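Novice: Here is the input, now give the coordinates:
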Amino acid sequence: MRVFLMVIDGFGIGEMPDAALFGDEGSDTYGHVVAATRIRLPHLAALGLNNICGIGPAAAQFRVPAPNAAYGRMSEKTFAKDTTAGHYELAGLVMQKPFRVFPNGFPEDIVRDLEKATGVLFMGNEVASGTEIIQRLGEEHLRTGKIILYTSQDSVMQIASDTSVLPLTKLYDVCEAARAVMTGERTVGRVIARPFFHDECGHFRRTKDRKDYSLEPPGQTLLDKLAAANIPVIGVGKIGDIFCERGISRSFHTGSNSEGLDLLARLIGDTEEGLVFVNLVETDMLFGHRNDVRGYSRALRLIDSRLEAIKMQLRKEDILIITADHGCDPTTPSTDHSREYVPLLIYGKQLSPCDLGTLEGFDNVARFIASAFGLDDGCELYKTVMRR
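Specialist: Alright, predicted model coming up:
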């Protein structure tokens, strides 16, 4: 048995009923990208993406008469809209108390403790886009040696430095020390090292050496269950970082969506059994957070263009699941994640195409996959999709 789970990071399909509580009323990542760019995604459409109930009118006009997958949307049970909570819930762990966010930057006592623990001084300490803040503060950073600290509406602490100020290993040491500070009532989902460099023209650019320092999941996940049953789990992209490698047999970090899709294609050819769990981050990291609508559209086109070849590689009994972890609408004033429904597309050569409607909880994915591997016999979603 093989299951391939693809998470298109930040690919929301319309505001959830409580979106206003998060400042996200009116968000519709996919619908607004379609309206702004007139993007057509024929292979995702064939799976039923545009047929999902509640899809925005710009996307709904591209419905197909007979989708070849099971299609629907999922709401999030966890009261959050961040990467960690979204992935945990996809893996069956619904957090009763989401990790803390710092929408106004970090309090003085936290910064003071960070500087004591790390031995460096910080600057910035604001909610910001990572690429924007290094351009704005990069020169001061080089001049003073102070390290750039920032956050977002996600539960993260991001620490950025030019590699000429902090060598990579030193930046990682600083982030490890910061991770130890950000526990207890201060707990954030991830502390992220963000190395960058500057060129002769004064431009600051990130390197590919990002590193996430996550906490271990605070409960059992699907990955733990699979590992206990000796079923391999392969993580691609930032999956290993999100789950602290727990329950993961092999992990591959990637520098781009193209590399992630290449790895997925290779793993379909090489993997004999188990779960391949893939995160494609560019829609979120490079384009959603930067309010780059056209970049977001290009990223979706790339994913769509690779789907048919991926489907052709699948064996008769394989299952491909495509979903997301939250929204990240590039057309709104916010540069942060958005509280949205996410799509659920389930394809397999032996599966029954059907309209799944609206499902409560991303954890439906975990139960479905557990059922596919014989670890859960009570999943109604699995029974519906596998009905002959």
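Novice: Let me see the ranges of the helices in the stretch 101-250 of the chain.
Specialist: 108-118, 130-144, 168-181, 222-228, 239-242 (DSSP state H, counting those that start in this stretch).
Novice: Tell me which residues are up against the fourth one.
Specialist: Helix 222-228 has contacts (C-beta atoms under 8 Å, 6 or more residues apart in numbering) with 91-92, 217, 232-233, 243, 246-249, 274-275, 277, 366, 369-370, 373, 375. Bear in mind the C-beta positions are built from the backbone N, C-alpha and C, glycine included.
Novice: how about CSV for the helices of the stretch 101-250 of the chain, with distance to Asp18, mean neighbour count and mean pLDDT added?
Specialist: Listed next are the helices of the stretch 101-250 of the chain as CSV, based on distance: least, C-beta to C-beta, whole Å; neighbours: other C-beta atoms under 10 Å; pLDDT from 0 to 100:
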stretch, distance to Asp18, mean neighbour count, mean pLDDT
helix 108-118, 28, 15, 97
helix 130-144, 27, 17, 93
helix 168-181, 30, 17, 97
helix 222-228, 25, 21, 98
helix 239-242, 24, 24, 92
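Novice: Including distance to Asn50, could these go into CSV?
Specialist: CSV is the format used below for the helices of the stretch 101-250 of the chain (distance: least, C-beta to C-beta, whole Å):
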stretch, distance to Asn50
helix 108-118, 45
helix 130-144, 31
helix 168-181, 41
helix 222-228, 29
helix 239-242, 28
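Novice: So what sits opposite Asn279 in the bridge?
Specialist: Asn279 has these beta-bridge partners by DSSP bridges: Val7.
Novice: What distance do you get for it to Gly145?
Specialist: Shown here: Asn279 relative to Gly145, a distance of 34 Å by C-beta to C-beta, to the nearest Å.
Novice: so where's this protein uncertain?
Specialist: 388 (pLDDT under 70).
Novice: ok, 80 please
Specialist: 153-154, 387-388 (pLDDT under 80).
Novice: Give me the secondary structure label for Asn277.
Specialist: Slight slip there: residue 277 is Phe, not Asn. Three-state assignment for Phe277 (DSSP: H, G, I helix; E, B strand; the rest coil): strand.
Novice: Tell me how many other residues surround it.
Specialist: Neighbour count of Phe277, defined by other C-beta atoms under 10 Å: 30.
Novice: what do you get for the one 10 residues further on?
Specialist: Burial of Phe287, expressed as a neighbour count using other C-beta under 10 Å, amounts to 22.
Novice: Quick check: phi and psi on it?
Specialist: Phe287 adopts backbone torsions of phi -120, psi -40, taken as degrees, to the nearest 10.
Novice: Minimum distance to Asp336: which of the helices of the stretch 101-250 of the chain has it?
Specialist: helix 130-144 (11.9 Å; C-beta to C-beta).
Novice: That concludes my questions; thank you for your assistance.
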